[in-house]
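Undergrad: Model the structure of this input:
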Amino acid sequence: MSQPPGSKVWVVGLCISGLVALAGSALDSGELSGWIWLALWAVPGGALAGARLAPRLQTIPLVVWLAGAWWLAADLPDPGSALLAIAALYVLGLAVHGGPGVRAWSLAASAFMVVGLLVALPSGGGALAQPFSPVTTARFLDLSPLVWVMECAGIDWMRHPSVYELAGAADIGPDLRISRSGSKGPLLVLSLAIGLVFLRAVFAQRAMTRA
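TA: Model prediction:
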């Protein structure tokens with residue numbers, strides 16, 4: 001398979017985009033802001049890499065991002081599971097990238113909008129006069145990639161002010177929702193995403209062979 005034009009430029013660009021965000025987090029002493037950026041950008045970044053990079057180059061940005069994130073992860077209870085969650089989201093982006101003729105930036109923007117919507121849903125983007133019902137908020141929290149990454153990192157994200165106060169998580173008891181910590185979830189999602197990437201490659205190869 002030929003290498004898409006400008007692959008090296010895209011590799012450098014994607015790597016730098018993550019490192020700049022992570023460096024800004026370190027300078028501001030806001031360790032979590034770098035992880036928030038990765039949770040938001042992992043799926044769109046994977047989609048961009050899948051659309052613009054040759055297969056042998058697609059994991060390079062992820063490795064660079066995770067290396068930078070690990071450098072910031074000293075105070076997290078479970079940084080390894082958080083890294084697995086970021087990797088799973090990125091590979092999921094690789095699996096769903098657009099086919100030939102699909103504009104990479106349009107696809108990435110769409111993915112970013114979907115991820116951003118899922119992240120904003122629990123609190124209604126901070127615009128709610130009153131929070132959703134506890135049951136609805138609990139389900140929205142389950143759909144949020146940001147909540148998933150933070151909980152995999154061992155952080156009680158339901159007690160974070162953006163969730164506890166704005167989304168009304170104070171009313172969500174353990175009968176409705178508990179934190180999804182540990183590495184089993186990220187490993188499962190990562191395995192499924194890798195399987196999707198391989199299936200896509202197999203179908204693409206068969207299509208080329210028939211053509």
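
Undergrad: For residue 58, give me its contacts.
TA: By C-beta atoms under 8 Å, 6 or more residues apart in numbering, the residues touching residue 58 are 46, 49-50, 94. Heads up, the C-betas are built off the backbone N, CA and C, glycines and all.

Undergrad: what's the distance between it and residue 148?
TA: As judged by C-beta to C-beta, to the nearest Å, residue 58 and residue 148 stand 22 Å apart.

Undergrad: before we move on, what about residue 117?
TA: Counting by C-beta to C-beta - residue 117 and residue 148 are separated by 15 Å.

Undergrad: out of the contacts of residue 58, who has the most neighbours?
TA: Scoring the contacts of residue 58 on neighbours with other C-beta atoms under 10 Å, the highest-scoring entry is residue 46 at 30 neighbours.

Undergrad: That one touches residue 97, doesn't it?
TA: Yes: with contact defined as C-beta atoms under 8 Å, residue 46 and residue 97 form a contacting pair (7.2 Å).

Undergrad: can you list the weak-confidence ranges in this structure?
TA: Residue ranges of the chain with pLDDT under 70: 1-6, 24-31, 74, 98-102, 211.

Undergrad: what about 80?
TA: Filtered on pLDDT under 80, the chain yields the residue ranges 1-8, 21-32, 71-75, 97-104, 126-129, 162, 165, 182, 204-211.

Undergrad: now the helices: where do they sit in it?
TA: Along the chain, the segments classed as helices by DSSP state H run 7-27, 31-52, 60-71, 79-95, 104-120, 134-143, 145-152, 161-164, 184-210.

Undergrad: which strands and helices sit next to the third one?
TA: In terms of contacts (3 or more C-beta pairs under 8 Å, 6 or more residues apart in numbering; DSSP states H and E), helix 60-71 is packed against helix 7-27, helix 31-52, helix 79-95.
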